[in-house]
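In: heads up, no residue letters with this:
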């Protein structure tokens, strides 16, 4: 007959394996269907503002093995002060056709940078494309605003 400490150790071991399996299941990215493949996005944006902000930049969408250059222009309304340059990288999902990527994206957010920092964005357009981007930021800026970003293919 096993001792109580051996049973407790066995149950703890099983619980660890189950927790690790659950974590892996949620952490592993789901494979999108071919109809809605994800694209890799790299973008550089320079922006400045005082109450009303504006910015512009360019980037590349890598989608189904091909590179698609694009332009970014945007405006923000809210509390904005300063100037920065951000290099962001991430994923765009919900793309059925590469033309779905172009359009107006909206975002509510904020952030701060003094000399440098980390930046992130979660954007969505009216065609159902969602972008999640993150990367470095250089400059001095404080922002809490509503943003509209226009992406046009080159």
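Out: Yes, it's here. Being a predicted model, the structure only gives us computed values, none of them experimental.
In: Identify the residues contacting the residue nearest the centre of the chain.
Out: Centroid-nearest residue in the chain, with CA atoms, centre = their mean: residue 132, separated by 1.7 Å. Contact partners of residue 132, counting by CB atoms under 8 Å, 6 or more residues apart in numbering, are 90-91, 93, 120-122. Glycine gets a C-beta too; all of them are placed from N, C-alpha and C.
In: Now it: closest residue in space that isn't a chain neighbour?
Out: Excluding the flanking residues, the one nearest residue 132 by CB to CB, 6 or more residues apart in numbering is residue 90, at 4.9 Å.
In: Report the beta-bridge partners for that neighbour.
Out: residue 41, residue 133 (DSSP bridges).
In: Give me the below-cutoff pLDDT ranges for this protein.
Out: Within the chain, the ranges that satisfy pLDDT under 70 run 1-36, 108-117.
In: where exactly do the strands run in it?
Out: For the chain, the strands defined by DSSP state E occupy 37-63, 66-95, 103-125, 130-153.
In: Can you tell me the closest non-neighbouring residue to residue 57?
Out: Nearest-residue entry for residue 57: residue 45, 3.7 Å, with adjacent residues in sequence omitted and distances by CB to CB, 6+ apart.
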